[in-house]
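Chemist: quick one, structure for this:
(one chain, ligands or ions: 3)
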Amino acid sequence: MRYHSQSVAYWYFAVAMVLFGLQLVFGLLSAAKYLGPDPLLYLLPFDVTKVIHTNLLIVWVLTGFMGATYWLVPDESRTELYSTKLAYIQLGLWVVMGVSAIIGYLFRYGTGNKLLEQPLPHKLVIVICMLIFLYNIGMTIKKSGRFTTTEGVLLLGLASAAVLYLPALLHYENYTVSIYYRWWTIHLWVEGVWEMIQGGFLAYLLIRLSGADREVMEKWLYVIVGLVFIAGILGTAHHYYWVGVPGYWLPIGGFFSALEPAALLGMAMYAYYAMRRSGLAHPNKLALHWTLGSAVFTLFGAGLLGLAHTFPSINKWTHGTLITAMHGHAAFYGAYAMIIMAMIAYAMPAITRRDSEDGDSIGYWAFWLQLGGMFGMTLSFATAGIGQVYLERVMGMGYLDAQLKIQIHFVMLIATASMFAVGVGLFIYDFFRYAPRFVVDDQEPLVTPGVRANV
Ligand code: HEM
Ligand code: HEM
Ligand SMILES: [Fe+2]
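Modeler: Ligands and ions are numbered 1, 2, ... in the order given. A predicted model of the protein is given here:
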């Protein structure tokens, strides 16, 4: 660690890890309900466990983004953070907001707008936290006068994510209007500006782990982010097929969203070639696994499995079924959960008492169990979803009758999700088993010896 203020990242990561663990508890609870009978039906019904599961996901991923940014910006701008005090105030507010929102959901205090269920007071606190965060980062960069492209892409992503949250503050009586704007936040987040955030972290990690030329890496970053963005904006229309808007959105959605996987393919290839060229010389091979893993799993989960149901002719059968859950899990995990774990794996040797630069067998078990588990979960949702689509949508069987026929896939889901959860448990254990340690080493090379120093 070159700058003492980077230590704030540790506390953001710690909060993210706790919430990640809790998210899985509610995921497993939601999955178990598909098998029934449900002893918690009147206490914690499916809608409540699912809302807590997905909201914890969003909160921990955003906490991870913030922590990773507080880690990255001092490194890139070569300066201490503008204010660590502000960073801790922001974290405190954020945790109070997150925890009280979850408690609220237990009592059905929420807007009912999928993924944006946060009540208005909570939404306002989210906006305040984002403003504090962007101010702190902006002032840090201003103070240093060094502003890299990687930071630029990351910050553009973070600031746009905050702006795109604003439509979520408004309430519309008309359902079509409400859902129309809902996608400005949800879709433009995950298939637009969050991709910039992932791209920024990816470029940072690739430059440092592979020693690849900064100029080349950043040029490619522009191209990929540009492609994702252009395709992603009009790609929003793949959510407009059946919501009551004019029919011209159908070809627009099909065409532009089908271009998005091309950009994701570019990103995976960019990561792979950068790593190969470096001869994988960096000692922190665990961070390397997570970095490359994120780029490749995004191509699978978002690119391939997104494409699988993005054309109107297919989506008219699969819309809102377990096929959506199949894609949602693999895409979110690959793009956002894995990139945060990559940043944590990279920072770990510097912020904890772990002596070795590379992780040990626990770190690798965590990686492979998660990967295998998430792959199995994706297949379980996929097989369940295909059965559901044929029975319910093609054959016209009732919803609950169809669910009874596909129960075996939920046994498979719970088995593979348990494997995944062990992997996550090991990652969390690996994170907390060493006490934090913040030793500033300003002689620390920007990249490790053996890797070309050109950062
Ligand atoms: C122990 C592991 C997990 C289990 C058992 C699990 C289970 C579930 C279940 C049963 C649902 C409800 C699906 C439905 O509406 O029918 C769900 C929704 C969801 N989960 Fe998970 N989950 C797990 C981990 C994760 C992870 C790690 C992520 C992301 C990184 C994630 C992201 C989501 C998302 C985005 C949804 C909403 C999908 C939609 O409504 O289309 N889950 N999960
Ligand atoms: C990292 C990138 C991505 C993430 C995290 C992601 C996540 C999600 C999630 C959580 C949903 C469910 C949303 C909801 O119903 O509220 C969803 C829906 C959808 N996604 Fe993605 N996605 C990504 C990229 C893509 C791409 C590149 C495509 C197309 C090639 C795509 C196609 C779709 C489609 C068509 C739906 C609607 C499914 C339905 O009709 O029920 N996604 N995505
Ligand atoms: Fe989308």
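Chemist: buried sites along the lowest-mean-pLDDT helix or strand in the chain?
Modeler: Ranked by mean pLDDT, DSSP states H and E, the weakest helix or strand in the chain is helix 214-235, scoring a mean of 87. In terms of neighbour count (16 or more other Cβ atoms under 10 Å), helix 214-235 has its buried residues at 214, 217-218, 220-221, 224-225, 227-229, 231-232, 235. Using the backbone N, CA and C atoms, a C-beta is placed for each residue, glycine as well.
Chemist: now stretch 116-125
Modeler: For stretch 116-125, a neighbour-count test (16+ other Cβ under 10 Å) marks 116-118, 122-123, 125 as buried.
Chemist: of those residues, which is the nearest to residue 404?
Modeler: residue 117 (29.0 Å; Cβ to Cβ).
Chemist: so what's the closest residue to ligand 2 within the stretch 1-150 of the chain up against?
Modeler: Across the stretch 1-150 of the chain, no residue is closer to ligand 2 than residue 114, which sits at 4.8 Å (Cβ to the nearest ligand atom). Residue 114 makes contact with 54, 182, 186 under the criterion Cβ atoms under 8 Å, 6 or more residues apart in numbering.
Chemist: where does it land on pLDDT?
Modeler: We note a pLDDT of 92 for residue 114 in this prediction.
Chemist: circling back: now the contacts of residue 114 in CSV, with secondary structure, pLDDT and neighbour count?
Modeler: As requested, the contacts of residue 114 are arranged in CSV below (DSSP: H, G, I helix; E, B strand; the rest coil; pLDDT from 0 to 100; neighbours: other Cβ atoms under 10 Å):
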residue, secondary structure, pLDDT, neighbour count
54, helix, 98, 19
182, helix, 96, 19
186, helix, 97, 20
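Chemist: possible to save the residues you listed as TSV with distance to residue 404?
Modeler: Conversion of those to TSV gives the following (distance: Cβ to Cβ, whole Å):
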residue	distance to residue 404
54	25
182	32
186	31
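Chemist: looking at the residues you listed, spot the one nearest ligand 1.
Modeler: Sorting the contacts of residue 114 by distance to ligand 1 puts residue 54 at the head of the list, at 4.9 Å, by Cβ to the nearest ligand atom.
Chemist: what about the closest one, distance to ligand 3?
Modeler: Going from residue 54 to ligand 3 by Cβ to the ion, to the nearest Å gives 15 Å.
Chemist: now that residue, nearest residue through space, not along the chain?
Modeler: Excluding its sequence neighbours, the residue lying closest to residue 54 (Cβ to Cβ, 6 or more residues apart in numbering) is residue 115, at 5.8 Å.
Chemist: does that neighbour sit in a helix, a strand or a coil?
Modeler: Classification of residue 115 using DSSP: H, G, I helix; E, B strand; the rest coil returns coil.
Chemist: give me the number of residues near it?
Modeler: Neighbourhood size, residue 115 [other Cβ atoms under 10 Å]: 17.
Chemist: my read: residue 78 touches residue 144, true?
Modeler: Yes - at 6.2 Å, residue 78 and residue 144 qualify as touching, with contact defined as Cβ atoms under 8 Å.
Chemist: excluding chain neighbours, what is closest to the spatially most central residue of the chain?
Modeler: The centre of the chain sits closest to residue 336, judged by Cα atoms, centre = their mean, with a distance of 2.2 Å. The shortest distance from residue 336 to any residue other than its chain neighbours is 4.9 Å, reached at residue 61 (Cβ to Cβ, 6+ apart).
Chemist: any idea how far ligand 1 is from that neighbour?
Modeler: Residue 61 sits at a distance of 7 Å from ligand 1 (criterion: Cβ to the nearest ligand atom, to the nearest Å).
Chemist: a strand runs through that residue, doesn't it?
Modeler: No - the assignment for residue 61, made by three-state DSSP, is helix rather than a strand.
Chemist: just the element for residue 420, please.
Modeler: Secondary structure assigned from DSSP states H and E places residue 420 in helix 407-432.
Chemist: do that helix and ligand 1 meet at all?
Modeler: Yes - Helix 407-432 lies within reach of ligand 1 by Cβ under 6 Å from any ligand atom, at 417, 420-421.
Chemist: still on that earlier bit, want to throw the buried residues of stretch 116-125 into a markdown table with distance to residue 394?
Modeler: Below are these laid out as a markdown table (distance: Cβ to Cβ, whole Å):
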| residue | distance to residue 394 |
| --- | --- |
| 116 | 32 |
| 117 | 32 |
| 118 | 37 |
| 122 | 41 |
| 123 | 40 |
| 125 | 46 |
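Chemist: how about the residue nearest to residue 54, phi and psi?
Modeler: phi 70, psi -20 (degrees, to the nearest 10).
Chemist: in contact with it, which residues are there?
Modeler: For residue 115, the contacting residues are 54-55, 58, 186, taking Cβ under 8 Å, 6+ apart as the criterion.
Chemist: residues making contact with the strand or helix carrying residue 404?
Modeler: Secondary-structure element containing residue 404, defined by DSSP H and E: helix 399-405. The list of residues contacting helix 399-405 from outside it, by Cβ under 8 Å, 6+ apart, reads 34, 387-388, 391-392, 397.
Chemist: about what we covered before: tell me the helix or strand right after the least confident helix or strand of the chain.
Modeler: On the C-terminal side of helix 214-235, the closest following helix or strand by DSSP H and E is helix 249-277.
Chemist: that following helix near ligand 3 at all?
Modeler: No - Helix 249-277 lies out of reach of ligand 3 by Cβ under 5 Å from the ion, never closer than 6.6 Å.
Chemist: pLDDT averaged over the helix or strand following that helix - what is it?
Modeler: Using DSSP H and E, the helix or strand that follows helix 249-277 in sequence is helix 285-298. For helix 285-298, mean pLDDT is 96.
Chemist: same check, this time on stretch 303-320
Modeler: The average of the pLDDT scores along stretch 303-320 is 98.
Chemist: how about the residues of this structure that lie near ligand 1?
Modeler: Within the chain, the residues that sit near ligand 1 (Cβ under 6 Å from any ligand atom) are 24, 27-28, 30-31, 50, 53-54, 57, 322, 324-325, 328-329, 332-333, 337, 417, 420-421.
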